[in-house]
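J.: need coordinates for the following:
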Amino acid sequence: MQCSNLISENIDSCYTVALYKWNIPFAYTTSKEKNFNVKSKDITILPLGKKKVTITDDSIPKPKGNLKWVIANPQQFGLYRVKYDKRNWNALTDQLVSDHQVIHAINRAQIIDDAFSLYATEYQSLAIALRTLEYVNNEEEWLPWVTAQKWIDYIGKNIESTSEFDKYKAFVSDKVENIYTTLIVDSNNYTHIQLLLKDIIYDIGCSYGSPLCVNATIQEIAAWSLDPENLSDEAIDEEAYCLALSDENSNYWDFVFEQFKSNNDSTIRGRRIDALACSTNVDNLERLVEFAKTSVPEAIKIAYALGRHPAGRELEQIEVGFYIYLIINEFSTDEELTKFERFLEDVKDDIGDKPDINYYLQLALLDMKIWNDWLETNLPSVQSWLTGLGY
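T.: Take a look at the predicted model:
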């Protein structure tokens, strides 16, 4: 058995790579032993050049017929990923859901990261990886949440423009609700790690529309509106700010708009543009567009901010912002991709003598097509998983 890792020698290119190989210090534990404290006597060195090593141990569960599990690399003693058969993955995810603390926190993080990393490199299915997130509503340790956040955001970003995103947001919001309530209430006596965990949970909750986060943010804006001379929106999380103002009937959009216009700090104005553009109220968005016509330096930023959101993309006035959004983010629905292709056709004569612009436009188009291929391949798995969970 051997482990290899492709490491790019040029940060601007993935064409030149060096192949590194190393001996693997292999160890394992099982559902019978549950021994995660690895000692030297537990290590078997798997040397280079040997493709298969057989280990005989009665505690290792049989390939079929039970839900017992084996975990390789306890507490990540070695530097390698572990791919299991489907039966063992299911046994591990079932264990996490029923009692996650049976498995060491380092290995809980490892299970999530290995499952998704192996999926990302096409060594196993997305369905297996997604199941590793189902237990996290009971997770209270920092390391598994750091890992979970990375892959939660990976899936979220990829499906953001699809009809499944609202269901996914509901799933993520449900998963953070319990720990969000526990951590946000009182953090005066928390350790450094607990404070880091609090930040992660707050970020996830606000990014995916947790009602707890939205309500808390609305209360902050309400307090600010009552005392604008002494309070501000500086500490409000960006995602939470966006969610709080996205409601079509938000009572505070007008207030934030007036505060935006009266402030001369470019950083503060930029944050408020991003929040105001989240509105789903067309009248509010058109007011923002009209303001952009009077503020040339901020016109592109406003157009881009509006182009980030479905309601904003419906406005004819922000077509340029819509294309900037697509070029920068490289994500689009089939309909948006077709619209962008028509745009490229319409402007090809205008950019004929500007090869640099044409290069980046074509590169953006290629990335959008790659993302659409990802959706075609993977979205059915996400849909099936969310449906199976009742979303």
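J.: pretty sure residue 124 is in a helix, no?
T.: No. Assessed with DSSP: H, G, I helix; E, B strand; the rest coil, residue 124 is coil; it does not lie in a helix.
J.: count the residues that sit near residue 153.
T.: For residue 153, the count of nearby residues is 15 (other C-beta atoms under 10 Å). All C-beta spots, glycine's among them, are computed from the backbone N, C-alpha and C.
J.: can you give me the end-to-end span of stretch 259-273?
T.: 11 Å (C-alpha to C-alpha, to the nearest Å).
J.: and the longest helix seen in the chain, which residues are buried?
T.: Criterion DSSP state H: the longest helix present in the chain is helix 355-388. Neighbour counts over helix 355-388 (16 or more other C-beta atoms under 10 Å) mark 361, 364-365, 367-368, 371-372, 375, 378-379, 381-383, 385-386 as buried.
J.: can you give me the helices in the stretch 151-300 of the chain?
T.: For the stretch 151-300 of the chain, the helices defined by DSSP state H, counting those that start in this stretch occupy 165-185, 192-207, 211-226, 238-246, 253-262, 266-276, 282-292, 296-307.
J.: any regions of the chain where pLDDT drops low?
T.: Along the chain, the parts satisfying pLDDT under 70 run over 1-19, 65-66, 184-188, 296, 316-333, 336, 340, 344, 346-358, 360.
J.: residue 311 reaches residue 286, doesn't it?
T.: No. Here residue 311 lies out of contact with residue 286, judged by C-beta atoms under 8 Å, at a distance of 10.7 Å.
J.: ok, back up a step: looking at the helices of the stretch 151-300 of the chain, which is buried most?
T.: Among the helices of the stretch 151-300 of the chain, ranked by average contacts under mean count of other C-beta atoms under 10 Å, first place goes to helix 238-246 (a mean of 23).
J.: that helix packs against which elements?
T.: Using 3 or more C-beta pairs under 8 Å, 6 or more residues apart in numbering; DSSP states H and E, the elements in contact with helix 238-246 are helix 192-207, helix 211-226, helix 266-276.
J.: and those helices: which comes nearest residue 341?
T.: Among those, helix 266-276 comes nearest to residue 341, with 28.1 Å by C-beta to C-beta.
J.: before we move on, back to that, list just the nearest of the buried residues of helix 355-388 to residue 111.
T.: Out of these, the member with the shortest distance to residue 111 (by C-beta to C-beta) is residue 385, at 16.8 Å.
J.: assign residue 62 to helix, strand or coil.
T.: Classified using three-state DSSP, residue 62 is coil.
J.: cool, residue 20 as well?
T.: Residue 20 is classified as strand under three-state DSSP.
J.: any idea what it is bridged to?
T.: residue 5 (DSSP bridges).
J.: any idea how far the nearest residue in space to residue 25 that is not next to it in sequence lies from residue 257?
T.: Of all residues not flanking residue 25 in the chain, residue 78 sits nearest, at 4.4 Å (C-beta to C-beta, 6 or more residues apart in numbering). Distance of residue 78 to residue 257, computed by C-beta to C-beta, to the nearest Å: 56 Å.
J.: thinking residue 26 is in contact with residue 42, fair?
T.: No. With contact defined as C-beta under 8 Å, residue 26 does not reach residue 42; the gap is 9.4 Å.
J.: between those two, point out the one with more neighbours.
T.: Remark: of residue 26 and residue 42, residue 26 carries more neighbours, 19 against 15, as counted by other C-beta under 10 Å.
J.: now the more buried one: phi and psi?
T.: Backbone geometry at residue 26, expressed as degrees, to the nearest 10, gives phi -90, psi 130.
J.: isn't residue 156 up against residue 167?
T.: No. Applying C-beta under 8 Å as the test, residue 156 and residue 167 come out as separate, 11.5 Å apart.
J.: against residue 146, how distant is the residue nearest the centre of the chain?
T.: The centroid of the chain falls nearest to residue 153 when counting by C-alpha atoms, centre = their mean (0.4 Å). Distance of residue 153 to residue 146, given as C-beta to C-beta: 11 Å.
J.: between the longest helix of the chain and helix 165-185, how many degrees?
T.: 80 degrees (axes from the mean of the first three to the mean of the last three C-alpha atoms, to 10 degrees).
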